[in-house]
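>>> One predicted model, sequence on top.
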Amino acid sequence: MYPYGNAFWASLNTQQMAAVRAKAGASLVIAGAGSGKTRTLTYRVAWLLERGIPAKNILLLTFTNKAAREMLERVAALVPQRSNGIWGGTFHSVGNRILRAHAGRIGFRQEFSILDREDQQKMIASLIKEEGLRAADKRFPKAEVLSAIFSLAVNAVGSISAILERHYPYFIVLAEQIERIATLFRRRKYEANSMDFDDLLSKPLELLEGCKDIAEFYGEKFSHILVDEYQDINQLQSKFVERLAARHGNIMAVGDDAQSIYSWRGAHFKTILDFPKRHPGASIFRIETNHRSTPEILSVADIVICANKNQFKKTLAAVRPSRGNKPTLASLSTSAEQASFVTERIVGLQEKGVPLGEVAVLYRAHYHSMEVQLEFTRQAIPFSITSGLRFFEQAHIKDVLSFVKFAVNSRDELAFKRMVQLLPGVGTKSAAFLWKEAATLLRRGCNFPPLSKLKIPLKSKRTWSQLTYLLEGSNSSLSSPASLIETILLTIYGDYMKAHFPDYGTRQEDIRTLIAFAQNFENCEDFLSQLALLGAGDTASKTPLSCRPERVTLSSIHQAKGLEWRVVFLIWLAEGMFPNARSLENSEDLEEERRLFYVGITRCKDELYLSYPRSGLGGAYGEVFYSPSQFLRGIPQWIVDRL
C-alpha cells in the first residue's frame with residue numbers, strides 16, 4: 001500500500017517510481033528527454049517528507065529560482081502539512097544564505113553588497129585605468145571580457161592562464177597583466193565589502209573547506225540533497241555539493257548526460273559521467289519513457305546519440321503512438337534554396353492548420369539563421385528570435401555596416417559617429433567634435449571629407465590612418481561590399497572585437513556570414529538598398545514568445561533546451577557547420593556537438609525536418625561546397641524520408 005493512497009502515485013511510471021523510492025545513499029537518475037524529470041524530483045521530495053525526514057533537512061538545488069519555486073509549489077500541493085522549511089533555490093541563492101550567516105569568518109561583514117554585472121565591470125574598468133593597461137596596449141581586453149575570463153576561471157576551479165589557453169589564446173601574451181587585474185579585483189571587492197555573483201558560491205565553498213564547525217553544521221543539517229539538471233553543473237558547483245553531502249552521503253543527482261551542452265560556459269560533462277566513481281555503490285536509475293515525441297523521431301534521436309562513446313547508454317521509448325510520418329532529410333542545392341524550402345514547408349503547414357507558434361527553426365549558431373530571416377521577411381512570415389535581435393540588428397553587424405554606410409553617404413552623421421567611436425580614444429564628445437569638423441568641410445563643397453585633415457586623438461593615430469586609407473584610397477561606394485567589409489574586419493574591427501566582446505569567435509562568424517551575403521551585390525549602394533528594403537518588412541518580434549503565439553520561433557539549440565514544438569526544422573546540418581569546424585579536432589568537443597544535435601531532435605513532438613545545403617557563398621572568396629554532417633551520415637535510410 002502506497003502512502004496517500006494509490007491515486008497519489010498514479011501519475012508515476014515504474015521507472016519514475018523506482019527513483020522516487022530510492023534507498024538512502026547516493027543516487028544518479030538519468031532522465032531522458034521528455035521523461036518527466038521534474039515530476040520525479042517533486043515526488044522524491046514528497047516521499048522523503050512522508051518517510052519522516054524534516055523539511056529543514058532537505059536541500060533542493062536548481063539552476064533557476066523559477067524551477068525551484070515550481071517544484072516546491074508542487075511538493076506543497078502533495079504534502080501541504082510537511083513541506084514548509086525546505087531549503088530550495090539556485091546554487092547562488094543557497095550560497096548567499098550561508099554567507100549571510102557566516103561572512104565574518106572570511107573577513108567580510110554580514111551586510112556585504114552583491115555586485116551586479118554592471119557594477120562588477122565598472123570596478124574592473126577602474127582598475128584597468130588605474131594600472132594604465134589599455135593606454136599602454138590597445139589590445140588589452142575591456143572589462144566585459146575580463147569579467148567573462150575571471151568567471152570562467154572561478155567556476156572551472158582553474159587558473160586564468162588555463163582559461164586563456166583554451167578560450168582566449170589571443171590574450172596569452174597578456175596573461176601576467178590579466179592575472180594582476182584579477183588579484184587587484186579580489187582585493188578591491190574585499191575592501192568594499194562586496195561580492196560578485198561567482199563569490200556567492202566560491203566563498204561558501206571556502207567556508208566549508210576552511211571552517212570545520214561550519215562544514216559539520218551544514219553537513220548535519222542537510223541530510224538529503226537533491227540536484228536538478230546535474231549534467232549542467234560546473235566544477236565549482238560540484239565541489240560545493242560534494243562538500244555538503246560528505247557527512248550523510250544522501251545525494252540524488254538528476255540529469256541527462258546526453259543533454260550536456262554547456263561546456264563553453266563552464267559546465268563539466270565528466271561530473272555526471274564520473275558520479276558512480278565518486279560515489280561507489282551509488283544506485284543508478286534510468287527514466288527512458290518519453291512523453292513528447294513520436295516513435296519515428298525517437299528512433300533518429302537514439303541512433304544519433306548511440307555513436308557517442310562516453311555516455312550512459314539509454315533508449316528512449318515513446319508513450320505516444322506513431323503518426324505514420326518519418327522525419328524528412330532534405331539535401332538542398334544552395335543555402336538560399338534551404339531557406340526557401342523551410343519557408344514553403346511552413347506555408348504548407350499553416351494551410352493545414354498548424355499554428356505558426358507550434359513551429360521552430362533551430363540551428364547550431366545564430367548566423368545560420370540569416371538567410372531564413374531574410375526569406376521570412378520577403379514572404380511576410382512573422383517570426384520571433386530567442387536572442388531578441390534580428391541578424392542585422394546586432395551591435396557588431398551595425399558597427400561594420402556603419403563603415404559601408406559612410407562610404408556610400410559621407411553626410412550620414414550617425415554612421416560617422418558610430419564608426420569613429422570604434423577607434424581608440426574616441427568617445428561621444430570626440431565623435432561629435434570630429435563630425436563638426438567633417439560637416440564644415442562638407443559645407444565647403446567636399447564630396448567626401450578629407451579624414452586625414454581632422455584633428456584626431458593621439459591614441460587613434462594608427463587606426464585612423466588605416467580608416468583614412470580604407471575610405472579615401474578608392475571609390476568605396478562603388479567597390480564590392482564584400483571586399484570592403486573583409487578589409488574592415490582584417491584591419492580595424494577584428495582587433496576591436498577581441499578586446500570588447502567575450503564571444504569574439506561567434507561575432508566573427510556573423511561577420512563572415514555578412515560578407516558571404518554581400519557577395520550577391522556588385523556595389524555598396526545596391527547592398528545597403530536591399531538591407532533597407534528587408535528592414536522595412538519588420539516581421540520579426542522581440543516580444544516574449546508567450547505573448548506572440550502566432551509567430552515561428554527561430555532559436556539556437558542552446559537556447560531551445562527544455563522547450564518543445566509540434567514541428568521542428570534543424571538547418572545547416574553540413575560538415576564544418578554542425579558539427580562546427582573547431583570540434584572536428586577534438587573528440588570530446590565532437591561528442592558535445594552530437595549531444596547538441598540530439599537535444600535539437602528531441603525538441604520535436606510531431607514533424608521533424610533535417611536539412612543541409614550542398615553549396616553556399618563563403619565570405620569574400622566565392623562559393624563553398626558542403627558535404628552532409630557526419631551526424632546525418634550515421635542515420636539509416638529506412639528511418640527517414642529523403643528529398
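Perfect, thanks for sending it.
>>> so where is the stretch 51-200 of the chain shaky, pLDDT-wise?
Scanning the stretch 51-200 of the chain for pLDDT under 70 picks out 135-138.
>>> Just after the worst-scoring helix or strand of the chain on mean pLDDT, pick out the following helix or strand.
Lowest on mean pLDDT, DSSP states H and E among the helices and strands of the chain sits strand 540-541, with a mean of 50. In the C-terminal direction, the helix or strand that comes right after strand 540-541 (DSSP states H and E) is strand 552-556.
>>> Report the rounded mean pLDDT for that following strand.
The predicted model assigns strand 552-556 a mean pLDDT of 95.
>>> what's the next secondary structure element after that strand?
Scanning forward in sequence from strand 552-556 by DSSP H and E, the next helix or strand is helix 557-560.
>>> Now do the same for Ile124: helix, strand or coil?
helix (DSSP: H, G, I helix; E, B strand; the rest coil).
>>> From Glu206, how far off is it?
Noted for Ile124: a distance of 21 Å to Glu206, by CB to CB, to the nearest Å. C-beta coordinates here come from the backbone N, C-alpha and C atoms, glycine included.
>>> Look at the two and report which has more neighbours.
Comparing Ile124 with Glu206 by other CB atoms under 10 Å, the one with more neighbours is Ile124, at 24 against 14.
>>> residues in contact with the closest residue to that one other than its chain neighbours?
Residue nearest to Ile124 in three dimensions, not counting chain neighbours: Ala143, with 4.0 Å by CB to CB, 6 or more residues apart in numbering. Residues in contact with Ala143 (CB atoms under 8 Å, 6 or more residues apart in numbering) are 121-122, 124-125, 128.
>>> give me that answer again for 6 Å
For Ala143, the contacting residues are 121, 124-125, taking CB atoms under 6 Å, 6 or more residues apart in numbering as the criterion.
>>> One more: Lys453?
If you count contacts by CB under 6 Å, 6+ apart, then Lys453 has nothing around it.
>>> ok, now how distant is it from Pro424?
Going from Lys453 to Pro424 by CB to CB gives 20 Å.
>>> Going along the chain, name the strands of the stretch 501-643 of the chain.
Using DSSP state E, counting those that start in this stretch, the strands assigned to the stretch 501-643 of the chain run over residues 540-541, 552-556, 565-570, 604-613, 615-617, 623-625, 641-642.
>>> Could you list the low-confidence segments of the chain?
Flagging of the chain using pLDDT under 70 yields the residue ranges 1-8, 135-138, 387-388, 444-450, 452, 472-478, 534-549, 617-622.
>>> circling back: got the phi/psi numbers for the residue nearest to Ile124?
For Ala143, the backbone dihedrals are phi -60, psi -40 (criterion: degrees, to the nearest 10).
>>> next one: Pro54
With angles defined as degrees, to the nearest 10, Pro54 sits at phi -60, psi 140.
>>> so how far is Ala55 from the residue nearest to it when sequence neighbours are not counted?
Computed as CB to CB, 6+ apart, the closest residue to Pro54 that is not its neighbour in sequence is Gly85, at 7.2 Å. From Gly85 over to Ala55 the distance is 4 Å, taken as CB to CB.
>>> Which one of the two is surrounded by more residues?
Neighbours were counted for Gly85 and for Ala55 using other CB under 10 Å; Ala55 has more, 18 against 11.
>>> which residues in the stretch 51-200 of the chain form helices?
Shown for the stretch 51-200 of the chain, the helices assigned by DSSP state H, counting those that start in this stretch span residues 65-78, 91-102, 117-131, 133-136, 143-155, 160-167, 175-191, 199-210.
>>> Show residues contacting the third one.
Residues from elsewhere that reach helix 117-131, judged by CB under 6 Å, 6+ apart: 134, 143-144, 146-147, 181, 184-185, 188, 196.
>>> just the buried members of these?
Of the members of the contacts of helix 117-131, the ones counted as buried by neighbours, 16 or more other CB atoms under 10 Å, are 134, 143-144, 146-147, 181, 184-185, 188, 196.
>>> export the residues you listed to TSV and tack on distance to Leu414?
Putting the buried ones among the contacts of helix 117-131 into TSV (distance: CB to CB, whole Å) gives the following:
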residue	distance to Leu414
Arg134	26
Ala143	26
Glu144	24
Leu146	30
Ser147	29
Ile181	34
Leu184	38
Phe185	36
Arg188	37
Asp196	35
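>>> Leu528: which of those residues is nearest?
Of all the buried ones among the contacts of helix 117-131, the one sitting nearest Leu528 is Glu144; the distance, using CB to CB, is 29.4 Å.
>>> distance of the closest one from Ser159?
Going from Glu144 to Ser159 by CB to CB gives 21 Å.
>>> repeat for Leu596
The separation that Leu596 has from Ser159, given CB to CB, amounts to 28 Å.
>>> if you count what's nearby, which of the two comes out ahead?
A count of neighbours by other CB under 10 Å puts Leu596 above the other of Leu596 and Ser159, at 24 against 13.
>>> Name the residue closest to the centre of the chain, please.
The centre of the chain sits closest to His558, judged by CA atoms, centre = their mean, with a distance of 5.5 Å.
>>> List the buried residues for stretch 329-340?
By neighbour count, and taking 16+ other CB under 10 Å as the criterion, the buried residues in stretch 329-340 are 329-332, 334-340.
>>> Mind putting the residues you listed into TSV with distance to Gly32?
Output for the buried residues of stretch 329-340, formatted as TSV (distance: CB to CB, whole Å):
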residue	distance to Gly32
Leu329	23
Ala330	27
Ser331	29
Leu332	31
Thr334	36
Ser335	33
Ala336	37
Glu337	35
Gln338	30
Ala339	32
Ser340	35
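>>> Surely Arg109 touches Ser194?
No: using CB atoms under 6 Å, Arg109 and Ser194 do not qualify as a contacting pair, with a distance of 10.2 Å.
>>> Those two: who's more crowded?
Each of Arg109 and Ser194 has its neighbours counted (other CB under 10 Å); Ser194 has more, 17 against 9.
>>> Give me the distance between the more buried one and Gln110.
Note on Ser194: its distance to Gln110, by CB to CB, is 13 Å.
>>> do the same with Thr334
Thr334 sits 63 Å away from Gln110, going by CB to CB.
>>> Give me the neighbour count for the residue nearest to Glu593 when sequence neighbours are not counted.
Using CB to CB, 6+ apart and skipping residues adjacent in sequence, the residue nearest Glu593 is Pro579, 3.7 Å away. Neighbour count of Pro579, defined by other CB under 10 Å: 23.
>>> what does Gly427 give?
Applying other CB under 10 Å, we find 10 residues neighbouring Gly427.
>>> Quick check: the gap between it and Phe275.
In this structure, Gly427 lies at 51 Å from Phe275, with CB to CB as the measure.
>>> same deal with Val342?
Using CB to CB, one gets 40 Å for the distance from Val342 to Phe275.
>>> repeat for Asn193
When distances are taken as CB to CB, Asn193 and Phe275 turn out to be 37 Å apart.
>>> do Ile30 as well
From Ile30 over to Phe275 (counting by CB to CB), the distance is 10 Å.
>>> between those two, who's got more neighbours?
Using other CB under 10 Å as the criterion, Ile30 and Phe275 rank with Ile30 on top: 26 against 22.
>>> Quick one: classify that one as helix, strand or coil.
Ile30 carries the three-state label strand when classified by three-state DSSP.
>>> Next up, the contacts around it.
By CB under 6 Å, 6+ apart, the residues touching Ile30 are 286, 312.
>>> for Phe597, same thing?
Contacts here follow CB under 6 Å, 6+ apart; on that basis Phe597 touches 304, 631.
>>> residue ranges of the helices in the stretch 401-550 of the chain, please?
413-420, 428-443, 461-472, 481-488, 494-500, 504-518, 524-537.
>>> And the third one, what does it pack against?
What it means is helix 461-472. Using 3 or more CB pairs under 6 Å, 6 or more residues apart in numbering; DSSP states H and E as the contact criterion, helix 461-472 has no neighbours among helices and strands.
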